[in-house]
Each structure stands twice: as C-alpha cells, then as structure tokens.
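*Asks:* Sharing a sequence plus its predicted fold:
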Amino acid sequence: MDLTPPPILIIAGGVALILFGVRYLRKGLDRLFGNTLGSWMKRLANRRIKAFFTGLGVSLMTPSSTTMSILAVNTVQAGHLSSRQMLAIMLGADIGLTMPVLLIALRVEQSAPVLILIGVLMFQFTRAVRTRGIGQVILGLGLIFMAIATIKSGAAAIEPEGDLRELLRIAQGHQFGLALIAAVIAIALQSSTATIGLVMGLIAMGMIQLPLALAVVAGANVGIGVTTLLVGWSQRQSRRLALGNLVAKITVAVLILLALPVVMWMLNALPGGAERQIAYAHAGFNILMAVIFLPLIGPLNRLTDRLVPAPPLGEPEKFGPRYINAGRIESLALATGQSMREIMRVAEIVRSMLNDLWRALRTNDQALAAAVSERDDQVDLLDTEIKRYLTRLSSLEGEQDDFGEQMRQLRYLNELETIGDVIDKNLSELVVKKVRQNIDFSTEGWGELDDFYHKVVENMLIAETAFATRDRMLAQQLIRHKEKLNDYERELRDRHFARLKAGLTQSHESSAVHLDILTHLKRINSSVTHVAYAILQDNTTQPGS
C-alpha cells in the first residue's frame with residue numbers, strides 16, 4: 001500500500017514550512033534587536049538619502065515584510081516621522097527584504113540539515129538571549145531551505161501531462177490575472193518570501209516558465225503593499241504612507257508586465273539558472289522602484305495627500321491609540337516596546353490632567369476642571385485598549401522576561417488609571433466645591449499645598465523615567481521621596497491644625513477642602529511610587545541602568 005501523499009499536498013507542506021521558517025527567523029531577529037529598530041529609524045532618517053539607506057539596513061537586520069510594515073505604520077502613527085520620510089525608508093527596506101529570496105536562489109537546500117542542527121543546539125541548549133537569537137535565525141534559515149527542497153520533490157512527482165501542468169500552461173497567457181492571484185496569495189500568507197519561494201521551487205523542476213514566474217513576483221510585491229495598507233488603514237498619516245508605497249509597487253508591476261519580453265531578455269543575459277533569475281527579478285523590482293520614486297517622493301507624497309485629505313478645518317481627529325493597533329502581532333519585543341510608548345502617552349495625559357486641575361484650583365476655573373474630567377475618558381479608553389493589546393501578547397510564545405515585562409506594564413498602567421480617577425472624581429469636585437462655597441485659602445495654607453503638589457509632580461516625572469529605563473537608582477530615589485513626602489504631609493496637617501487652633505478664619509472655612517486635597521495628593525504619590533517596588537523586585541534590572 002503506497003502511503004506517499006499526493007504531490008500537491010507535498011507542495012502545500014513545503015509552503016507551510018516556509019511560513020514557519022520565516023516566522024522563526026523573524027522571532028530570532030526579534031531577540032537580537034528587539035524594539036531598537038524603531039529608535040534607529042527615528043535617529044537616522046532626517047534626510048531622504050539617509051532615510052533610504054536606514055530602511056535598507058533595518059530590513060537586512062529584520063527581513064520580514066510584515067514586521068517592516070508594522071514598524072513603519074507605528075512610527076508614522078506616533079508622529080516620530082512623516083509619511084514622506086517613511087516612504088524613503090520603505091523604498092530602501094523593500095530592497096533589503098529581497099535578501100531571503102537571494103539566499104534561497106543560491107540553492108543551499110543541501111545544507112538545511114546542518115543549519116537546523118546548529119540552530120537547535122544554540123537555541124535549545126544555551127541561555128544567553130543573544131546566542132538563542134542567533135540560533136533561532138540559523139534554524140529559521142534551515143527550515144526555509146528544507147521547505148524549498150520539499151516543494152521541489154513535490155513538483156518532481158507531478159505527472160508531465162497532469163491537470164496542474166495544463167492549468168499552468170493556460171496561465172502563461174494571462175500574466176495580469178496571475179499577478180492578481182499572486183497578490184491575493186501574498187496577502188493571505190503575509191509573506192512575499194513564501195510566495196516567491198514556492199515559485200522558485202516550481203520553476204526549478206520545470207513546472208512553470210519564466211514569464212509566469214515574473215508575473216508572480218510582480219503580484220507578490222503588490223500584495224505586500226496591500227498588507228501595509230491594511231495595517232495602517234486606521235490613521236490618516238499611516239494610510240498616506242501605505243498608499244504611496246502601494247502606488248509605487250503597482251506602477252512598477254505594470255511596467256514590468258508590459259515590458260515582459262525586455263525583462264526576460266535582461267534576465268537571460270545574467271549568470272545563473274531559473275531560480276537566480278527569479279531572485280534577480282525580485283531584487284530588480286524593488287531597485288527599479290527606488291530608482292523611479294526616490295527622486296519623486298515629493299510628488300508622490302502630494303498625491304497621497306490628495307487621496308487621503310485632511311479633515312475639514314476645526315474638525316478634531318478621532319482620539320485613540322497611536323502606537324498599538326488591532327492588527328497581527330509579529331514581534332513580541334516590538335509589540336511590548338509599542339505598548340510601553342502608549343503607556344508613556346497615558347502618563348503624560350495624566351500628568352497634564354493634574355497640572356491643569358491645579359491651575360483650575362488656583363484660578364477658580366470650573367470650566368477647566370470640567371475639561372480635565374473629560375480627559376479622564378481618554379485615559380479610560382487607552383487603558384482598555386492597552387490592556388486588550390497586552391492580553392493578546394500573553395498568548396504569544398516568549399521568554400519569562402517578556403511576560404514579566406507585560407505584567408510590569410499592566411501594573412503601572414493600572415496605577416495611572418487610578419490616578420486619573422482620583423483627579424476626575426475627587427480633585428475636580430473639590431475645585432467645584434471651592435468655587436461654589438467661595439472658599440479662599442490662607443496665604444500660608446495655599447503655599448504649603450502648592451509646594452506639596454510640586455513635589456508630587458516631581459515624583460510623577462521620576463516614576464515615568466524609572467518605568468521607561470528600569471533604573472534601580474531612580475526607583476530607590478522614588479521610595480526615599482515617598483517616605484519624605486509622607487512625613488511632610490503629616491507635618492503640613494499639623495501646621496494646618498495649629499492655624500485652626502490659633503483661630504485663623506480662612507483656615508476654618510477651607511479646612512475640609514485643604515485636608516481632602518492633601519489626602520488625594522498623597523494617594524496619587526502612593527500610586528506613583530508602586531512602580532519603584534516593581535523595578536527593585538525585577539532581577540533583570542541593573543543598578544543605575
């Protein structure tokens with residue numbers, strides 16, 4: 001009884017193995033570089049040419065089109081780079097993303113078992129994050145090469161006059177339709193490497209001819225452009241970026257399909273077999289796109305501005321997360337880096353709420369106090385979205401440190417939400433009470449409250465920095481400040497009671513409000529300080545780091 005699976009099933013298994021290998025490769029690079037790629041882009045991409053080479057370098061370090069799409073969209077949504085700057089980065093990144101296909105074209109599938117052995121040994125039996133990351137990258141490459149060999153074996157088993165070969169022969173005359181199908185496959189697989197790797201396996205066994213393969217290459221590149229558009233659709237600037245990238249890809253794809261005989265002539269003049277020709281075509285597609293559109297970034301950006309116009313003057317943009325999105329999560333380190341930035345945004349909003357609330361208290365501005373209360377709705381919205389995002393991360397494969405980071409972020413976020421509630425439900429009401437009852441603080445009493453408030457705000461800033469940097473020295477400083485501030489709060493209460501005992505009229509009228517303000521500021525300071533204990537309990541942080 002022959003238990004050999006049908007050839008089409010073997011080919012499908014090879015494609016699945018490519019997808020798994022690409023995923024493993026991506027996760028290995030994630031271990032090595034984490035969320036530092038985004039900061040590199042922000043620092044280096046201030047000019048067009050520099051931005052182009054920045055994108056090229058970043059994509060060589062993380063050769064995943066989906067990861068690059070998410071990284072680009074998040075950077076633009078955060079406002080760190082404009083869509084014009086990011087377009088230059090994407091033109092460079094598209095060239096770097098062809099590297100996996102170029103490696104496949106070297107026909108090194110015979111080395112796949114050796115690479116898998118080395119990768120497993122480094123990933124499974126070492127502890128250092130960097131060593132495990134390198135092992136995972138090597139293992140991912142080995143799986144991709146083994147997948148190509150699997151696809152070739154499946155293609156070789158197909159009957160010379162079978163139905164599949166007949167369908168492929170018919171497709172030879174419908175390059176535009178085939179390119180569209182390839183784009184859909186690339187969107188579904190979310191990997192141009194997997195789509196083109198399949199074609200390289202089939203062309204090596206004579207299943208398809210070069211014109212058909214070139215149509216697939218063009219379609220796969222367009223499909224990745226559509227993926228970027230889907231990832232960035234929710235925000236205007238990222239939608240402009242994705243549309244500009246997609247327009248460039250469609251333009252080059254149409255040019256290649258229209259000039260197919262010329263392209264084939266050029267490829268046939270290059271050394272190497274059919275597999276290398278496909279790899280050259282994939283790299284050439286993206287090099288041509290850069291040559292055409294790098295000088296035309298200005299006009300391309302103006303076109304996307306017209307396609308995605310700004311909202312009418314005075315119409316506010318819908319408030320929502322900037323750094324996280326509901327799309328597919330490809331990189332755990334990148335994802336936790338983005339959630340941290342969103343939490344830092346919440347911290348900034350909460351601190352601005354306290355600052356504006358204090359100004360409302362000083363000036364008896366009820367309207368400003370009401371506006372501060374409305375801002376708590378923004379905090380609640382971001383709190384919900386970030387928690388939902390971090391909950392999604394918990395289902396991903398990661399190290400213990402990754403899950404510890406998620407818990408650290410959730411705890412700090414919870415404290416920020418608590419502070420927002422204290423400002424909204426307690427301090428805002430005290431502003432209203434002070435205004436309606438026409439309460440005035442004594443000069444000495446207000447001076448003490450104002451001094452206490454500034455010390456709390458200082459601790460909020462220290463906590464934000466300590467949270468972002470995991471600095472143990474800052475955490476220890478924060479705890480010392482908390483103890484001093486607790487002592488200072490008791491001292492201020494005693495002073496207030498002394499003024500009451502002395503019979504100061506203003507102090508009698510303002511006593512309840514004065515003491516409640518002290519209580520709520522102390523609660524805020526207590527919530528702020530909790531981040532310090534989490535840092536000091538974390539064994540991965542270093543003194544002064």
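*Replies:* Okay, I see it.

*Asks:* low-scoring pLDDT stretches of the stretch 51-200 of the chain, where are they?
*Replies:* Confidence mapping of the stretch 51-200 of the chain against pLDDT under 70 gives the ranges 57-83, 104-109, 152, 154-175, 189-191, 193-194, 198, 200.

*Asks:* those helices in the stretch 101-250 of the chain, which residues are they?
*Replies:* With helices called from DSSP state H, counting those that start in this stretch, the stretch 101-250 of the chain shows them at 112-124, 129-156, 163-171, 175-189, 192-204, 210-232, 236-258.

*Asks:* For those, give me JSON lines that also has distance to residue 423.
*Replies:* No exception for glycine: its C-beta is placed from N, CA and C like everyone else's. Listed next are those as JSON lines, based on distance: least, CB to CB, whole Å:
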{"stretch": "helix 112-124", "distance to residue 423": "48"}
{"stretch": "helix 129-156", "distance to residue 423": "39"}
{"stretch": "helix 163-171", "distance to residue 423": "64"}
{"stretch": "helix 175-189", "distance to residue 423": "45"}
{"stretch": "helix 192-204", "distance to residue 423": "49"}
{"stretch": "helix 210-232", "distance to residue 423": "33"}
{"stretch": "helix 236-258", "distance to residue 423": "30"}
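
*Asks:* Going by neighbour count, list what's buried in the helix or strand hosting residue 524.
*Replies:* Taking DSSP states H and E as the criterion, residue 524 maps to helix 505-537. Using 16 or more other CB atoms under 10 Å as the test for burial, helix 505-537 gives 506-507, 509-511, 513-514, 517-518, 520-532, 534-535.

*Asks:* Out of the helices of the stretch 101-250 of the chain, which is the most enclosed?
*Replies:* Comparing the helices of the stretch 101-250 of the chain by mean neighbour count (mean count of other CB atoms under 10 Å), helix 192-204 comes out on top with a mean of 26.

*Asks:* So what's the residue count around residue 259?
*Replies:* Neighbourhood size, residue 259 [other CB atoms under 10 Å]: 12.

*Asks:* Can you list the low-confidence ranges for the stretch 301-450 of the chain?
*Replies:* 310-317, 325-334, 394-402.

*Asks:* Now do the helices in it.
*Replies:* Listed in chain order (using DSSP H, counting those that start in this stretch), the helices of the stretch 301-450 of the chain are 332-363, 366-393, 400-422, 428-436, 443-469.

*Asks:* what packs against the first one?
*Replies:* Other elements packing on helix 332-363 under the criterion 3 or more CB pairs under 8 Å, 6 or more residues apart in numbering; DSSP states H and E are helix 7-33, helix 36-44, helix 65-77, helix 366-393, helix 400-422, helix 428-436, helix 443-469.

*Asks:* so can I have TSV of these showing mean neighbour count?
*Replies:* Formatted as TSV, the helices and strands packed on helix 332-363 follow (neighbours: other CB atoms under 10 Å):
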stretch	mean neighbour count
helix 7-33	21
helix 36-44	17
helix 65-77	26
helix 366-393	17
helix 400-422	19
helix 428-436	18
helix 443-469	18
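
*Asks:* Can you say which of these is nearest to residue 141?
*Replies:* Residue 141 sits nearest to helix 7-33 of all those, at 6.3 Å, using CB to CB.

*Asks:* Can you spell out which helices and strands pack onto the closest one?
*Replies:* helix 48-61, helix 65-77, helix 129-156, helix 192-204, helix 332-363.

*Asks:* Go again with 6 Å.
*Replies:* helix 129-156, helix 192-204 (3 or more CB pairs under 6 Å, 6 or more residues apart in numbering; DSSP states H and E).

*Asks:* nearest to residue 23, of the helices of the stretch 301-450 of the chain?
*Replies:* helix 332-363 (11.9 Å).

*Asks:* quick one, that closest one and helix 443-469 angle?
*Replies:* 170 degrees (axes from the mean of the first three to the mean of the last three CA atoms, to 10 degrees).

*Asks:* what's the spacing between helix 332-363 and its chain's center?
*Replies:* Averaging C-alpha positions (CA atoms, centre = their mean, to the nearest Å) puts helix 332-363 19 Å from its chain's average.

*Asks:* Report the buried residues of that helix.
*Replies:* Here helix 332-363 shows 332-347, 349-351, 353-354, 356-358, 360-361 as buried, counting by 16+ other CB under 10 Å.

*Asks:* Likewise for stretch 482-491?
*Replies:* For stretch 482-491, a neighbour-count test (16+ other CB under 10 Å) marks 482, 485, 488-489 as buried.

*Asks:* tell me the mean pLDDT over that stretch?
*Replies:* The average pLDDT for stretch 482-491 rounds to 87.

*Asks:* any residues touching it, and which ones?
*Replies:* With CB atoms under 6 Å, 6 or more residues apart in numbering as the contact definition, stretch 482-491 has outside contacts at 455, 518, 522, 525, 529.

*Asks:* how about a cut-off of 8 Å?
*Replies:* 452, 455-456, 459, 518, 521-522, 525-526, 529, 532 (CB atoms under 8 Å, 6 or more residues apart in numbering).

*Asks:* Skipping adjacent residues, who's closest to residue 219 in space?
*Replies:* residue 182 (2.9 Å; CB to CB, 6 or more residues apart in numbering).

*Asks:* List the contacts of that neighbour.
*Replies:* The contact partners of residue 182, by CB under 8 Å, 6+ apart, come to 195, 215-220, 223.

*Asks:* Including distance to residue 86, could those go into JSON lines?
*Replies:* Formatted as JSON lines, those follow (distance: CB to CB, whole Å):
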{"residue": "195", "distance to residue 86": "24"}
{"residue": "215", "distance to residue 86": "29"}
{"residue": "216", "distance to residue 86": "27"}
{"residue": "217", "distance to residue 86": "24"}
{"residue": "218", "distance to residue 86": "23"}
{"residue": "219", "distance to residue 86": "24"}
{"residue": "220", "distance to residue 86": "22"}
{"residue": "223", "distance to residue 86": "20"}
